[in-house]
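A.B. asks: Below: sequence and its predicted model.
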Amino acid sequence: MSGLDLLGPDQRGLFIGGSWRDAEGGETFAVYDPADGSVLARVASATTNDAMDALDAAAAAQADWARTPPRERGEILRRAFELINARADDLAELMSLEMGKTVAEAKGEVTYANEFFRWFSEEAVRIHGRWMQNPAGNSRLLTIKKPVGPCFFVTPWNFPLAMGTRKIGPAVAAGCTMVVKPAELTPLSMLALASILAEAGLPDGVLNVVPTHHSADMSKALMADDRLRKVSFTGSTEVGRVLVRQSADQLQRISMELGGNAPFLVFEDADIDAAVDGAMIAKMRNMGEACTAANRFLVHADVAEEFAEKLATRMGKLVVGRGQDAGVDVGPLIEEKAVESVHQLVTDAVHDGARVLTGGGSPDGPGFFYNPTVLLDVDPESEINSQEIFGPVAPIVTFTTEEEAVTRANATEYGLASYAYTRDLARTIRLAEALDYGMVGINTGLISNAAAPFGGVKASGFGREGGFEGIEEYLETTYVALPAG
Ligand code: NAD
């Protein structure tokens, strides 16, 4: 078995109440291969009635699921973890086909995604409240934790599996049921995951997966229903704002993992080779199509030429091509308009005076490719510094003081990931406190970890996924007042 064979013809349908079925009216939509634009598969497109059926199934399963012993919930996740490990190569190939990233990178995502199942399989048995005296000593306070209830998850195309497991893992562990809407560009990995969770013994109705190309209608209908108690969204800030507004009527609990505009600071005392290694990861992971991608390189003027030249040499050697071909380092971007928007940002930056050290355009031929690009002498006011690039482009701006670097780094509406390279411990502490971000990577270009609380501030959203904090998003607290006895 390999890649697309993971999904039988049925499993390209909707997964509702433990069964696979067609969408109402038989509507489907195409999933494309970004390496050449051809159709990879057709998938059922859920209508709002289908989505309501999925919510019915989730609501019907909620009470029994909440009563299921934590150990059993954890063991289901653990079995899914083992199954994913056993099928990691096929899952990676499937993901590479629908999303474009290289098979090696996709394998990395499968491992990362699966770590959330392992982590939350262990967290399921550590849900607890507390017992304390009130300050006057004449009563007792007990807090108990309960699952928040049926959830709605909306995930993006850039990490088709991991953005799902970061939500499904803690929800399963906490005893919540769920309706999942994967991105229409990459629904196949999520359908394969649904199949694996069913095989791992997840009871019918706990997880329902409803791909659709009517996302806005679906979210409106589901969020208008008072049985839905929680919405967790990963995607753009623009859509996040729509969902936050929609959550007001039923006052659903919400978690928002939104866009980023990560600064990558390189100080004059940094180990420049290590900073280039970190930059390669922070910039080039996922072809730059990551919310944590280094978006603005802020480099001290004394080391900017050296850093830029070394980075351009490394970026210039990367092999661009189809993600499933041997020897390829950089796959295609997700769609044609992504290539156009990346190129527009580069063109504007060059118009504003930036120098292209490598890249700057697309290779000839079909597919949605963009060459790894390094731009030096970028005007801090250029559009490329205020927007998420979502492509393999590293714009470099210089600074001369730490204060200037921090001010520039914070001069964005976003606040997800940030990175800094320095060998000065006191500066490290100052930066960790001064950078207005949910995550700060010091001397590392890779911050994502299932054991850490992932999330942002400001327009990057709120709520945390992973770590001890991750499960709290799926738990309610009930306080019980008791007399002293
Ligand atoms: P997007 O907002 O366009 O789409 C995300 C999801 O929302 C998709 O499933 C889409 O179908 C759905 N959607 C669109 N409109 C909707 C609506 N009205 N109601 C319900 N669902 C709707 O984002 P994208 O282009 O898929 O993903 C890229 C964005 O995601 C970037 O901004 C990136 O930074 C962000 N992202 C954030 C994180 C994080 O953890 N903070 C992680 C990955 C990606």
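C.D. replies: The structure has been received and is ready for your questions. Numbers count the residues shown, from 1 in each chain.

A.B. asks: how much space is there between the nearest residue to Val299 once chain neighbours are set aside and Met287?
C.D. replies: In this structure, Val299 finds its nearest non-sequential neighbour in Val266, 4.4 Å apart by Cβ to Cβ, 6 or more residues apart in numbering. Using the backbone N, CA and C atoms, a C-beta is placed for each residue, glycine as well. Counting by Cβ to Cβ, to the nearest Å, the gap from Val266 to Met287 is 22 Å.

A.B. asks: In the stretch 151-300 of the chain, which residue sits closest to the ligand?
C.D. replies: Scanning the stretch 151-300 of the chain for proximity to the ligand using Cβ to the nearest ligand atom identifies Gly235 as nearest, at 2.7 Å.

A.B. asks: Check what pLDDT that residue gets.
C.D. replies: Per-residue pLDDT puts Gly235 at 98.

A.B. asks: The closest residue to it other than its chain neighbours: what secondary structure?
C.D. replies: Nearest residue to Gly235, sequence neighbours excluded (Cβ to Cβ, 6+ apart): Pro156, at 4.5 Å. Look at Pro156: counting by DSSP: H, G, I helix; E, B strand; the rest coil, its state is coil.

A.B. asks: Now the terminal residues of stretch 282-292, how far apart.
C.D. replies: End-to-end distance of stretch 282-292 (Cα to Cα, to the nearest Å): 7 Å.

A.B. asks: now the helices for the stretch 1-150 of the chain?
C.D. replies: Assigned helices in the stretch 1-150 of the chain, in chain order: 48-67, 70-86, 88-99, 103-123 (criterion: DSSP state H, counting those that start in this stretch).

A.B. asks: Show me what the last one packs onto, helices and strands only.
C.D. replies: Here helix 103-123 is seen to pack against helix 70-86, helix 88-99, helix 162-174 when contacts are counted using 3 or more Cβ pairs under 8 Å, 6 or more residues apart in numbering; DSSP states H and E.

A.B. asks: any idea which of those helices is most buried?
C.D. replies: Of all these, helix 162-174 has the most neighbours on average by mean count of other Cβ atoms under 10 Å, namely a mean of 29.

A.B. asks: Tell me the helices and strands packed up against that one.
C.D. replies: Going by 3+ Cβ pairs under 8 Å, 6+ apart, helix 162-174 lies up against helix 70-86, helix 103-123, strand 151-154, strand 178-181, helix 188-199, strand 230-234.

A.B. asks: Enumerate the residues of the stretch 101-250 of the chain near the ligand.
C.D. replies: Counting by Cβ under 6 Å from any ligand atom, the residues of the stretch 101-250 of the chain lying close to the ligand are 154-159, 163, 181, 183-184, 215-216, 219, 234-236, 239, 242.

A.B. asks: switch to 5 Å and redo it
C.D. replies: 154, 156-157, 183, 215-216, 219, 234-236, 239, 242 (Cβ under 5 Å from any ligand atom).

A.B. asks: got the residues you listed as TSV, with distance to Asp377 and neighbour count columns?
C.D. replies: Listed next are those as TSV, based on distance: Cβ to Cβ, whole Å; neighbours: other Cβ atoms under 10 Å:
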residue	distance to Asp377	neighbour count
Val154	40	23
Pro156	33	23
Trp157	33	21
Ala183	36	24
Ser215	41	16
Ala216	42	12
Ser219	43	23
Thr234	34	26
Gly235	33	22
Ser236	30	15
Val239	34	19
Val242	38	14
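
A.B. asks: Redo the residues you listed as TSV? Include distance to Thr28.
C.D. replies: Shown next, in TSV, are those (distance: Cβ to Cβ, whole Å):
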residue	distance to Thr28
Val154	20
Pro156	21
Trp157	18
Ala183	16
Ser215	15
Ala216	19
Ser219	20
Thr234	25
Gly235	23
Ser236	25
Val239	23
Val242	25
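
A.B. asks: Who are the contact partners of the residue sitting nearest the centre point of the chain?
C.D. replies: Note on the chain: the residue nearest the mean C-alpha position is Met163, at 4.3 Å, using Cα atoms, centre = their mean. Contacts for Met163 (Cβ atoms under 8 Å, 6 or more residues apart in numbering) come out as 155-156, 234, 257.

A.B. asks: go on, Ile281?
C.D. replies: Contacts of Ile281 (Cβ under 8 Å, 6+ apart): 445-446.

A.B. asks: helix or strand for it, which one?
C.D. replies: Ile281 belongs to helix 272-284 when assigned by DSSP states H and E.

A.B. asks: likewise Ala420?
C.D. replies: Counting by DSSP H and E, Ala420 is part of strand 417-421.

A.B. asks: That strand and the ligand, are they touching?
C.D. replies: No: against the ligand, strand 417-421 shows no contacts by Cβ under 5 Å from any ligand atom, the least distance being 8.6 Å.

A.B. asks: Who does that strand pair with, and is each partner parallel or antiparallel?
C.D. replies: strand 262-266 (parallel), strand 439-442 (parallel) (DSSP bridges).

A.B. asks: how about low-confidence regions in the stretch 101-250 of the chain?
C.D. replies: The stretch 101-250 of the chain contains no residues with pLDDT under 70.

A.B. asks: Return the member of the residues of the stretch 101-250 of the chain next to the ligand nearest to Ala420.
C.D. replies: Among those, Thr234 lies closest to Ala420 (Cβ to Cβ), at 25.0 Å.

A.B. asks: right, and that closest one touches Trp157 too?
C.D. replies: No: using Cβ atoms under 8 Å, Thr234 makes no contact with Trp157, being 10.4 Å away.

A.B. asks: returning to that earlier point: can you say which of the helices and strands packed on helix 103-123 is nearest to Val339?
C.D. replies: Of the helices and strands packed on helix 103-123, nearest to Val339 by Cβ to Cβ is helix 88-99, at 14.9 Å.

A.B. asks: Okay, angle between that closest one and helix 188-199 too, please.
C.D. replies: 150 degrees (axes from the mean of the first three to the mean of the last three Cα atoms, to 10 degrees).

A.B. asks: For helix 88-99, give me every contacting residue.
C.D. replies: Contacts of helix 88-99 (Cβ under 8 Å, 6+ apart): 1-7, 31, 33-34, 40, 84, 101-107, 109-111, 114, 157-158, 160-161, 185-189, 192, 323-324, 331, 334.

A.B. asks: Kind regards, and thank you for your time.
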